[in-house]
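A.B. asks: can you look at this prediction? I've put the sequence above it.
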Amino acid sequence: MWHYDDATDEAVIETIMDLSGVVADNQQKFNQFDERANWKGDMHHVASIPMALFYKMKAEGKLDDQAYMKRWLNDPDNRAFRTRPGEV
């Protein structure tokens, strides 16, 4: 959505996204994950992040900060985006 304020001559673009499909898909993957699987290897699918949030985090430089991303992925408030249990 595009918002324009005549008084300040400023414009804002608001991104609205329905997350219900992403959250449902992530929950299904999370519930189907084999708890006996280990963290060996280099790559693990641990989360699915909606593109709007991905681009916001990229613009803020957060995707390139491994320590930040680890904290963000382990934060219980972001559990809806996780696709496997455990800590990153």
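C.D. replies: That came in fine, so what should we check first?
A.B. asks: what's the pLDDT at the nearest residue to Ala80 once chain neighbours are set aside?
C.D. replies: Leaving aside its chain neighbours, Ala80 sits nearest to Val23 (4.6 Å; criterion: C-beta to C-beta, 6 or more residues apart in numbering). All C-beta spots, glycine's among them, are computed from the backbone N, C-alpha and C. Val23 carries a pLDDT value of 94.
A.B. asks: I figured Val23 hits Arg82, correct?
C.D. replies: No. Using C-beta atoms under 8 Å, Val23 is not in contact with Arg82; the gap is 10.3 Å.
A.B. asks: the more surrounded of the two?
C.D. replies: The neighbour comparison of Val23 against Arg82 (other C-beta atoms under 10 Å) goes to Arg82, with 21 against 15.
A.B. asks: report pLDDT for that one.
C.D. replies: 96.
A.B. asks: phi and psi next, for it.
C.D. replies: When read as degrees, to the nearest 10, the backbone of Arg82 gives phi -80, psi 150.
A.B. asks: for it, what are its contacts?
C.D. replies: Contacts for Arg82 (C-beta atoms under 8 Å, 6 or more residues apart in numbering) come out as 26, 30, 46-47, 73.
A.B. asks: hmm, back to that, part of a strand, is the residue nearest to Ala80?
C.D. replies: No. Val23: not assigned to a strand; according to DSSP: H, G, I helix; E, B strand; the rest coil it is helix.
A.B. asks: mind listing the strands for the protein?
C.D. replies: Assigned strands in the chain, in chain order: 2-5, 10-13 (criterion: DSSP state E).
A.B. asks: what lines up beside the first one in the sheet?
C.D. replies: What it means is strand 2-5. Here strand 2-5 has these sheet partners by DSSP bridges: strand 10-13 (antiparallel).
A.B. asks: what does the partner strand rub up against?
C.D. replies: By C-beta under 8 Å, 6+ apart, strand 10-13 touches 1-5.
A.B. asks: repeat that for 6 Å
C.D. replies: 2-4 (C-beta atoms under 6 Å, 6 or more residues apart in numbering).
A.B. asks: tabulate the residues you listed in TSV, adding columns for neighbour count, distance to Tyr68 and pLDDT.
C.D. replies: Shown next, in TSV, are those (neighbours: other C-beta atoms under 10 Å; distance: C-beta to C-beta, whole Å; pLDDT from 0 to 100):
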residue	neighbour count	distance to Tyr68	pLDDT
Trp2	7	30	87
His3	9	29	92
Tyr4	9	33	93
